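Visitor: dropping the sequence and predicted coords here.
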Amino acid sequence: MHHKIKIARIESKISQIEMSDLLNISRQSYIDIENGSRTPRSDLLFNISLITNKNITFFYNESHSIILDRFILLFQGKTEKEKDQYITLLESLIEKNKHNHLS
């Protein structure tokens, strides 16, 4: 869950300080939530969903893997051209190695 909270904040272009202010909690409390050392109360998670414009199920839905979340972070701040280049590179690597997997 904490990974998804961080992803939602970053996608919303909100700093940790801004988020903690919006939630009316200390910055350290918010950092603890993003680091996973603290689980947010349900009302706090609901407010995070409102602030980031994410459905509350986004934070619980396990169909979004951590790997996909990592891709979102990697693409953050990249131009469309850079994103296209990375996707093309990834596709070529997958195609090149699809017969080299261990089965």
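Guide: Nice, thanks for sending it over. Residues are numbered from 1 along each chain as shown.
Visitor: in this protein, what secondary structure element scores lowest on mean pLDDT?
Guide: helix 66-75 (a mean of 72; mean pLDDT, DSSP states H and E).
Visitor: tell me the average confidence for the next helix or strand after it?
Guide: The helix or strand immediately downstream of helix 66-75 is helix 80-97, counting by DSSP states H and E. Mean pLDDT, computed over helix 80-97, is 85.
Visitor: what's the answer for stretch 34-44, then?
Guide: Across stretch 34-44, pLDDT averages out at 89.
Visitor: buried ones in that stretch?
Guide: Neighbour-count burial for stretch 34-44, counted by 16 or more other C-beta atoms under 10 Å, picks out 34, 38, 40, 44. Where you see a C-beta, it was placed from the backbone N, CA and C, and this is true even at glycine.
Visitor: so which of those would you say is closest to I94?
Guide: Using C-beta to C-beta, E34 comes nearest to I94 of those, at 30.8 Å.
Visitor: which ones are touching that closest one?
Guide: E34 is in contact with 2, 5-6, 9, 16, counting by C-beta atoms under 8 Å, 6 or more residues apart in numbering.
Visitor: quick one: which of these is nearest to T52?
Guide: Nearest member of these to T52, counting by C-beta to C-beta, is R9, at 6.3 Å.
Visitor: for that closest one, grab the count of nearby residues.
Guide: R9: 20 surrounding residues under other C-beta atoms under 10 Å.
Visitor: and what of A8?
Guide: Using other C-beta under 10 Å, A8 is surrounded by 20 other residues.
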